[in-house]
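K.L.:
Below is the sequence, then the predicted model.
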Amino acid sequence: MADRDLPKLIADLRDEIDQLSDDDVRAKQRLTQLVQSLEQRLADPSSAEHDKLVDNVQETIRQFEVEHPRTTGVLNHIMMTLSNMGI
């Protein structure tokens, strides 16, 4: 079930990226890289990069929680989904 939730959460994260200010280039880049990592995980569930992916999501949450609370909410849902997937 969690595998089915992740594509929707990725789409939600893309929506959040689109709503960020064009001046917030670093945030957009960071989130876009994270989306690419998540999509890679979907394409290759056997990838051994699970720890790195979880670390990246956690670090991004720490960086965004003050300035981008809605984005942080989506990222927290992604963390829960990854956890439910056993990652």
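P.N.:
Thanks, I have the structure now.

K.L.:
C-alpha only now, for contacts and for neighbours.
P.N.:
Noted.

K.L.:
what about the host helix or strand of residue 34, average pLDDT?
P.N.:
Following DSSP states H and E, one finds residue 34 within helix 25-43. Throughout helix 25-43, pLDDT has a mean value of 92.

K.L.:
That one packs against which elements?
P.N.:
helix 2-19, helix 50-64 (3 or more CA pairs under 8 Å, 6 or more residues apart in numbering; DSSP states H and E).

K.L.:
how about the residue of the chain most remote from its centre, secondary structure?
P.N.:
Distance to the chain centre peaks in the chain at residue 23, reaching 20.5 Å (criterion: CA atoms, centre = their mean). Following DSSP: H, G, I helix; E, B strand; the rest coil, we place residue 23 in the coil state.

K.L.:
ok, now how distant is it from residue 29?
P.N.:
11 Å (CA to CA, to the nearest Å).

K.L.:
where does the protein have low pLDDT?
P.N.:
Counting by pLDDT under 70, the chain has low-confidence residues at 1-3.

K.L.:
circling back to that earlier point, for the helix holding residue 34, list every residue counted as buried.
P.N.:
Residues of helix 25-43 classed as buried: 27, 28, 31, 34, 35, 37, 38, 41 (neighbour count, 16 or more other CA atoms under 10 Å).

K.L.:
Would you mind pulling the contact partners of that helix?
P.N.:
In this structure, residues lying in contact with helix 25-43 by CA atoms under 8 Å, 6 or more residues apart in numbering are 3, 7, 10, 13, 14, 17, 20, 47, 53, 56, 57, 60.

K.L.:
repeat for stretch 68-84
P.N.:
With CA under 8 Å, 6+ apart as the test, stretch 68-84 has contacts from 2-3, 5-6, 9-10, 12-13, 16, 54, 57-58, 60-61, 64-65.
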